[in-house]
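Asker: Return a 3D structure for these sequence lines:
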Amino acid sequence: MGRAELAGVGRGSRSSWPEAVGLPVATAALLINGDRPDVAVAVVEGPIRRGGEPDPKRVILVSDGAGVIVKTPVVG
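Answerer: Next comes the predicted model:
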């Protein structure tokens, strides 16, 4: 059993990925899916307006025109 599991920070507990900023979209999606296979990853280009209720089963990746993540992905 790893240290993270002992500390209660095991799989499925992450809710944000600040290290994904600056990564290509595909790499960020793989990173998030590896940590949280229970959430869907959606990709949008440019700024987004959040409306409606947060979705605990979704992470939105915001990218620039070159496919690079420009905002910290978070669950919701």
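Asker: contact partners of the longest helix seen in the chain?
Answerer: Assignment by DSSP state H gives helix 25-35 as the longest helix of the chain. The contact list for helix 25-35, computed with Cβ atoms under 8 Å, 6 or more residues apart in numbering, reads 11-12, 14, 17, 19-20, 23, 39, 41, 43, 59, 61, 63, 67-69, 73. Using the backbone N, CA and C atoms, a C-beta is placed for each residue, glycine as well.
Asker: Buried ones in the next helix-or-strand element following that helix, by neighbour count?
Answerer: Using DSSP states H and E, the helix or strand that follows helix 25-35 in sequence is strand 40-45. Using 16 or more other Cβ atoms under 10 Å as the test for burial, strand 40-45 gives V41, V43.
Asker: same question for strand 40-45, mean pLDDT?
Answerer: If you average the pLDDT over strand 40-45, you get 94.
Asker: pLDDT averaged over the helix or strand just after it - what is it?
Answerer: Next helix or strand after strand 40-45 toward the C-terminus (DSSP H and E): strand 58-63. Across strand 58-63, pLDDT averages out at 95.
Asker: ok, residues contacting strand 58-63?
Answerer: 17, 20, 25, 28-29, 32, 36, 39-48, 69-71, 73-76.
Asker: any idea of the angle that strand forms with helix 25-35?
Answerer: Orientation note: strand 58-63 sits at an angle of 160 degrees relative to helix 25-35 (axes from the mean of the first three to the mean of the last three Cα atoms, to 10 degrees).
Asker: Strand 58-63: how far from the chain's middle?
Answerer: 6 Å (Cα atoms, centre = their mean, to the nearest Å).
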